[in-house]
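Chemist: After the sequence you'll find the predicted model.
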Amino acid sequence: MSDWQRRLKLQPEWDQAGDGTIPIQELAKIISNRLSELAPFPEEQIEEERLDLAAEFKCLSVDSELTYKKFNHIMNALYDWADTSLDHNLLGGRKVCWVDIF
């Protein structure tokens, strides 16, 4: 089992965007804000990626022509970052961040 170092809580807004209650731009803004609010990482590369992802989601939040394809592309980058191993164990071990969409 993985030892997640942070938790990015995206509920209930994830479901709200899924059912159309809030626009996807609002979800992007929430993700940007919550990424920005996470405690900083001591690993420089992980921290830079966190800040870059927050900036990318912020840009999405003001994109009036935002598509789900573009949003999902950045979400995949977020998942890849979050699943980064901090101790180089392929299975389990320390991982960057649990993305809580459930």
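Modeler: Looks like it arrived, so ask away.
Chemist: so where does the residue most central in space within the chain fall, helix or strand?
Modeler: With distances taken as Cα atoms, centre = their mean, the residue of the chain nearest its centroid is residue 78 (4.4 Å). Counting by DSSP states H and E, the element that carries residue 78 is helix 68-82.
Chemist: could you say what helices and strands the helix or strand just after that helix packs with?
Modeler: Counting by DSSP H and E, the next helix or strand C-terminal to helix 68-82 is strand 93-100. Counting contacts by 3 or more Cβ pairs under 8 Å, 6 or more residues apart in numbering; DSSP states H and E, strand 93-100 packs against strand 2-9, helix 68-82. Every residue, glycine included, has its C-beta placed from N, CA and C.
Chemist: Just the mean pLDDT for strand 93-100, thanks.
Modeler: Along strand 93-100, the predicted local confidence has a mean pLDDT of 93.
Chemist: same deal with stretch 59-70?
Modeler: Taken as a whole, stretch 59-70 has an average pLDDT of 97.
Chemist: can you check stretch 82-90 too?
Modeler: Average pLDDT, stretch 82-90: 83.
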